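1. dropping a prediction and its sequence here:
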Amino acid sequence: MSDKISYSIPEFCEASGLCRSNVYEAIRGGRLTARKHGRRTIIAVDEAKAFIAALPQVQSVPQQFAA
């Protein structure tokens, strides 16, 4: 079985490109669900995907303001 079913916090940070502080802030704010097993905090892959999908989309920038 090679498909991951959960991420550790560092793995989620690496996979998502988010910093550790933002991940813990999302967990504290209830926007990202994490689970505990002993001292270890894990994020289920389906929760990670739902969190990323729920982030707001970037609005297109009018051509006059584009670099």
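-> Sure thing, it's come through. Residues are numbered from 1 along each chain as shown.

2. which positions in the helix or strand Phe12 falls within come out as buried?
-> Here Phe12, judged by DSSP states H and E, is contained in helix 9-16. Under the neighbour-count criterion of 16 or more other Cβ atoms under 10 Å, helix 9-16 has Ile9, Phe12, Cys13, Ser16 buried. C-beta: built from backbone N, CA, C; applies to glycine.

3. do stretch 38-56 as well
-> Thr41, Ile42, Ile43, Glu47, Ala48, Phe51.

4. for it, measure first residue to last.
-> 33 Å (Cα to Cα, to the nearest Å).

5. below-threshold pLDDT in the chain: ranges please.
-> For the chain, the stretches flagged by pLDDT under 70 are 1-2, 65-67.

6. sorry, back to before: now the element after the helix holding Phe12, going C-ward?
-> Following helix 9-16 in sequence, per DSSP H and E, is helix 20-28.

7. just how off-centre is the following helix or strand past that next one within its chain?
-> Next helix or strand after helix 20-28 toward the C-terminus (DSSP H and E): strand 35-37. In terms of Cα atoms, centre = their mean, to the nearest Å, the centre of strand 35-37 is found 16 Å from the chain centre.

8. likewise stretch 40-57?
-> With Cα atoms, centre = their mean, you get 5 Å for stretch 40-57.

9. just to revisit the earlier point, closest to Arg28 out of the buried residues of helix 9-16?
-> Ile9 (12.8 Å; Cβ to Cβ).

10. that older thread, so the helix holding Phe12 versus helix 20-28, what angle?
-> Orientation of helix 9-16 against helix 20-28 (axes from the mean of the first three to the mean of the last three Cα atoms, to 10 degrees) gives an angle of 100 degrees.

11. kindly format the C-alpha coordinates of helix 9-16 as CSV.
-> What follows is helix 9-16, C-alpha atoms only, in CSV (Å, rounded to 0.1, in the frame of the first residue of the first chain):
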residue,chain,number,x,y,z
ILE,A,9,2.2,18.5,9.8
PRO,A,10,5.6,18.9,8.1
GLU,A,11,4.3,16.6,5.2
PHE,A,12,1.2,18.7,4.8
CYS,A,13,3.2,21.9,4.8
GLU,A,14,5.5,20.5,2.1
ALA,A,15,2.6,19.2,0.0
SER,A,16,0.5,22.4,0.2
